[in-house]
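Enquirer: From the sequence below, what's the structure:
(chains A and B)
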Amino acid sequence: MNNEELEQKILQRVQEKISIFQFNEEEKKLKKSRKKIINIVAIAVIAIGLSVGTSYATSIIYEKVFKKPEKIENYIESLKVTEEDINKIISKEEAINKAKQEIIKYGFEIQDNQIESVEINKNPNYDQIFYMLKTKNELTVFIDGYTGKITNIYDDSLKEIEQFTSTEEEIIKVAKDKIKEYGFSDEYRVANVSNNMDDSSKAYMWYICFAKQYDGLFNYTESINMTIIPEINAVKALTIIEEPFDDNPIILTEQEAIDIAQEKDNIINSKQYEQSDIKVDLKIKRMNPNVYLAENGITNINEVGELEDGTKYYYNTYKLNRKSKKSLCG
Amino acid sequence: MKQYKTIEDYKKDEELQIENIVKEYSGYIYTVVKNFVHDKFNDEDIEEIISDAFFILWKNQQKLHNEDKINFYLAGIAKNLIKEKIRKQKSDFPLKDLESFIPSNIDLYENYEETAKIDIIQKSLNNLSDIDRLIFQLFYYENKKSKEIAQKLKMNEITVRSRLHRIKKYLKKELELGGYSYE
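Expert: Down below sits the predicted model:
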C-alpha cells in the first residue's frame, strides 16, 4: 500500500470516528435536556417550539392523531361575503339589537343615531363571520355573526391619556372589579399583566388578561382581555374569546411528548439554526397545521394578497383550529 | 533535521485542520507504530491505531498547547494506544519499551462506557448502506445541512431528513440492544 492509499484509508476512518463522536455528543446533549417524567396524565397534542423564519409561528402544535389540514383554495375569494354567508348568520338588525343590549353591561352605549356603519367581515382561517359596527363617537364593536355576541370593543374616543399612570397592583384591582361588574364568574383568573412602556411607572395603557383555568393551566381561548387607562379606569379595548375547549384526558407522558417533538423536529429541521434543547411544559393551546405541512414539504403557508388600494399583506392559506387542547409544549 | 510543525501551524479560526494533519503525518505515524509492533499487529490493527491517534488528537484539540509539536502528541498517543491494545490481547509483548512520556493533558478515553458505545455505533454503521453512511458522515463530520446534502447527492431534501432520522433511530436501537442508551 503506497502513502497516498494509506492517507485515504486513514482519513476515511478518522472522518467516520469524528462523525460518530458528533452523533454521540448530540445525543448526550439531548439526554441532558430531558426532564424526568413527571406524574401527570398525558396529552393528545404536542407543541414544538422552533425559532424558524417567517413560515412558522414560534409555537408549532402537532396533533398525534395525524390530521391533514384543510387548505383554503382561494383565499381572496373566500373573504367575499356571499349570499350563503348571509343566510348562515343572524340579520344585521338582530345583531345591532343584541349588541345594544349587551354593550350596556360593559359600560358603553350604542344609540341608533350614532351608528355610522355596519359591515360584514369574514375570517376564513377560523370560519368566522362577524359584523363590524362603527359609531360616530369612535366606538368599534365586533359582533359574532352566528351568536350575536360581542367579541371586541374598541374605544378610540379616549385622547390625551399619556398623563395617567398607576401601579400594577392597583390596575389588577380595577380589572378584577370590572370583571365582576361585567358579570363574569370567578372562574376567570388573572393570567397575564403587561403595559405599553418599558418603565411601568410611566405606562398609560395596561393590558390584563383573565382566563379560565383547568388543572392549573390557563386556557387563552376562554379569556377576557382588557386595555385599561389608569386613574380614569376607562376600558379602551375589550376582547372576549369564548372558544370551545376540549378538556381532553392526557394520554402521553412528558417523555413521549419530547420523543415525538424531537422526531418531528429532526424531520423538519433544516439545520439553519441550532436545535434547541427540548423541554416541555403543560399548557392549553390551539392546534395548528404547521408541523404536518412541513413534514409534507409544504414550507410556505402564506400567500400575498393585495387590497384595493394596493397594500400587500400576507395571509395563512390553511384553516386553523379554533379548538384548544391540553398540550405539552416545548 | 526535519522541522516538525506545531499545533498552531494547523489551526485555522481556532479549529484544528485534521485533514491536513492526517495527510502529512499518516506516513510518519505508520512508521512509529510499525517500529514498535513489527509483525505482531496486522494491517487492520495498525490502521485502527493510527486513525484512533488522529481522532484523539482532534477530540482533545482544546487541551493542546499551541507551541508543541504535532509529532510529539501523535507519537505519544499512538504508543499509548498500542499499550492498551496489547493489554487487551494479553500478549507477552515487552511493555516497558512503550513506557514513554504521554502528555498528561490528553485523555485517551474518558471512560470505558463511552468507548463501548462508540464501538457499537461503529459496528452498526457498517451495516448501513453506502448512501446512509455517506449521509451520516456529511451531516456529522462535514456539518452539512440537509439541503446541502440533498443537493450534493441529488436527492429530495425531505428524503435526506427522513433517512437521517431513520439512521439515528437505528443507531439508538442498536445501543439499547448493547445495553446502552441516551435515556
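
Enquirer: ranges for the helices of chain B?
Expert: With DSSP state H, the ranges of helices along chain B come out as B:18-37, B:43-59, B:70-89, B:112-126, B:130-140, B:146-153, B:157-177.

Enquirer: Turn the ones you listed into JSON lines, including mean pLDDT and distance to A:Asn152.
Expert: Heads up, the C-betas are built off the backbone N, CA and C, glycines and all. Shown next, in JSON lines, are the helices of chain B (pLDDT from 0 to 100; distance: least, Cβ to Cβ, whole Å):
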{"stretch": "helix B:18-37", "mean pLDDT": "90", "distance to A:Asn152": "61"}
{"stretch": "helix B:43-59", "mean pLDDT": "91", "distance to A:Asn152": "60"}
{"stretch": "helix B:70-89", "mean pLDDT": "84", "distance to A:Asn152": "69"}
{"stretch": "helix B:112-126", "mean pLDDT": "80", "distance to A:Asn152": "57"}
{"stretch": "helix B:130-140", "mean pLDDT": "91", "distance to A:Asn152": "48"}
{"stretch": "helix B:146-153", "mean pLDDT": "89", "distance to A:Asn152": "42"}
{"stretch": "helix B:157-177", "mean pLDDT": "85", "distance to A:Asn152": "41"}
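
Enquirer: can you tell me which residues contact the residue nearest the centre of chain B?
Expert: Ranked by distance to the mean C-alpha position of chain B (Cα atoms, centre = their mean), the top residue is B:Phe55 at 3.0 Å. Neighbour list for B:Phe55: A:Val14, A:Lys17, A:Ile18, A:Phe21 [criterion: Cβ atoms under 8 Å, 6 or more residues apart in numbering or on different chains].

Enquirer: contacts with chain B among those residues, please.
Expert: Taking Cβ under 8 Å from any Cβ of the partner chain, the overlap between those and the neighbourhood of chain B is A:Val14, A:Lys17, A:Ile18, A:Phe21.

Enquirer: quick one: contacts for the residue lying farthest from the centre of chain B?
Expert: Relative to the average C-alpha location in chain B, and by Cα atoms, centre = their mean, no residue lies farther out than B:Asn156, which sits at 30.6 Å. Contacts of B:Asn156 were listed using Cβ under 8 Å, 6+ apart, and they are B:Ala150.

Enquirer: any idea of the pLDDT on it?
Expert: The pLDDT attached to B:Asn156 in the predicted structure is 84.

Enquirer: Now do the end-to-end distance for stretch A:98-109.
Expert: From the first residue to the last, stretch A:98-109 extends over 12 Å; the measure is Cα to Cα, to the nearest Å.

Enquirer: Name the residues of it that are buried.
Expert: Buried residues in stretch A:98-109, counted by 16 or more other Cβ atoms under 10 Å in any protein chain shown: A:Lys98, A:Ala99, A:Lys100, A:Glu102, A:Ile103, A:Tyr106, A:Phe108.

Enquirer: Tabulate the residues you listed in a markdown table, adding columns for distance to chain B, pLDDT and secondary structure.
Expert: As requested, the buried residues of stretch A:98-109 are exported to a markdown table (distance: Cβ to the nearest Cβ, whole Å; pLDDT from 0 to 100; DSSP: H, G, I helix; E, B strand; the rest coil):
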| residue | distance to chain B | pLDDT | secondary structure |
| --- | --- | --- | --- |
| A:Lys98 | 50 | 93 | helix |
| A:Ala99 | 49 | 94 | helix |
| A:Lys100 | 55 | 94 | helix |
| A:Glu102 | 50 | 94 | helix |
| A:Ile103 | 51 | 93 | helix |
| A:Tyr106 | 50 | 92 | helix |
| A:Phe108 | 53 | 91 | coil |
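
Enquirer: ok, the closest residue to A:Gln114 other than its chain neighbours to A:Asp85 distance?
Expert: Beyond its immediate neighbours in the sequence, the residue positioned closest to A:Gln114 (Cβ to Cβ, 6 or more residues apart in numbering or on different chains) is A:Thr135, lying 4.5 Å away. As for A:Thr135, its distance to A:Asp85 is 24 Å (criterion: Cβ to Cβ, to the nearest Å).
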